[in-house]
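Here's a sequence, model it:
(one chain, ligands or ions: 1)
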Amino acid sequence: MSESKKEVRVQDTHLKLAQIMTPTDANVLGKVFGGSILSMIDLTASATAQKFAGRVCVTASFERVDFHTPIDVGALVTMRGHVSYAGRTSVEVTIDVTATDLPTGRDTHTNTARVIMVAVENGRPVPVPTLICETREERIAFVSGRLRRELRAERIAQFDGLVAQIQAMDEATLTELQTCEGRLLDRLQA
Ligand SMILES: CC(C)(COP(=O)(O)OP(=O)(O)OC[C@H]1O[C@@H](n2cnc3c(N)ncnc32)[C@H](O)[C@@H]1OP(=O)(O)O)[C@@H](O)C(=O)NCCC(=O)NCCS
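Predicted coordinates:
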């Protein structure tokens, strides 16, 4: 008889990582360098995924990350991660990033990031536990994660097809497309 798959509740995947931003995290404008935040996001995703999977997990991809608000040096940056979707060997980790101005205690939610991590053994993907959603919010997040995955695959396939089309174009068409009016996508799909 095959061993039943381990189950982990979403609420047991939550993990918090916090760090004070120092001058070594500053960019030329004196605000926190985006790379410092991306590094913390990656570390949080890694820890969250490994806690969930009970295995080593590697970063497969970052979803788009937008920085809405600059973060000051001296702020306490807190990452709150949890597993929002689990596939066969991959997981989507959602990370909420907050910057706290310590003297005033004022919190600013700076962004939400999503990272896809894959559980591995000897460099090969291995199955992750089943993610148990207990609330409506968790189920919505899971289904949204599954949808994001499908749309990602579709978008990549569509983009690769269009780039192949662009690469086959002659110089005159390429030059015309640089400045043509209207939506380029409509033109390419005409
Ligand atoms: C991530 C990695 C293990 C995937 O290996 P692979 O042989 O391509 O794996 P597969 O094609 O069998 O896919 C395994 C799973 O990963 C997912 N996956 C693979 N590449 C992905 C990507 N770029 N984005 C999102 N998901 C991805 C697949 O959808 C699949 O998910 P599922 O099992 O839940 O259905 C491999 O590409 C790797 O080792 N990459 C380097 C990781 C690394 O070093 N990260 C740090 C970079 S600085």
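
interface residues of this structure facing the ligand?
Val58, Thr59, Ala60, Ser61, Gly87, Arg88, Thr89, Ser90, Ile116, Val118, Val120, Pro125 (Cβ under 6 Å from any ligand atom). All C-beta atoms are positioned from the backbone trio N, CA, C, and that covers glycine.

hmm, which two among those residues are most spread apart?
Between all members of the residues of the chain next to the ligand, the longest pairwise span (Cβ to Cβ) is found for Thr59 and Arg88 and amounts to 17.4 Å.

Which one's more surrounded, these two?
Using other Cβ atoms under 10 Å as the criterion, Thr59 and Arg88 rank with Thr59 on top: 15 against 10.

which SSE is Val91 in?
When secondary structure is defined using DSSP states H and E, the element that contains Val91 is strand 90-101.

and that strand, what's its mean pLDDT?
Over the span of strand 90-101, the pLDDT mean works out to 97.

how about that strand: buried residues?
Neighbour counts over strand 90-101 (16 or more other Cβ atoms under 10 Å) mark Ser90, Val91, Glu92, Val93, Thr94, Ile95, Asp96, Val97, Thr98, Ala99, Thr100 as buried.

Ok, stretch 129-140 next?
Pro129, Leu131, Cys133, Glu138.

Give me the below-cutoff pLDDT ranges for this protein.
Low-confidence segments of the chain, defined by pLDDT under 70, span residues 1-3.

returning to that earlier point: tell me which strands the strand holding Val91 pairs with, and in which orientation.
Strands flanking strand 90-101 in the sheet, each with its direction: strand 76-86 (antiparallel), strand 106-121 (antiparallel) (DSSP bridges).

Chain neighbours aside, what residue packs nearest to the residue of the chain found nearest the ligand?
Sorted by distance to the ligand under Cβ to the nearest ligand atom, the residues of the chain start with Gly87, at 2.3 Å. In space, not counting the residues next to it along the chain, Gly87 is nearest to Arg149; the distance is 6.9 Å by Cβ to Cβ, 6 or more residues apart in numbering.

With Thr48 instead?
Take Thr48 and drop its neighbours on the chain: the residue closest to it by Cβ to Cβ, 6+ apart is Gly81, 3.8 Å away.
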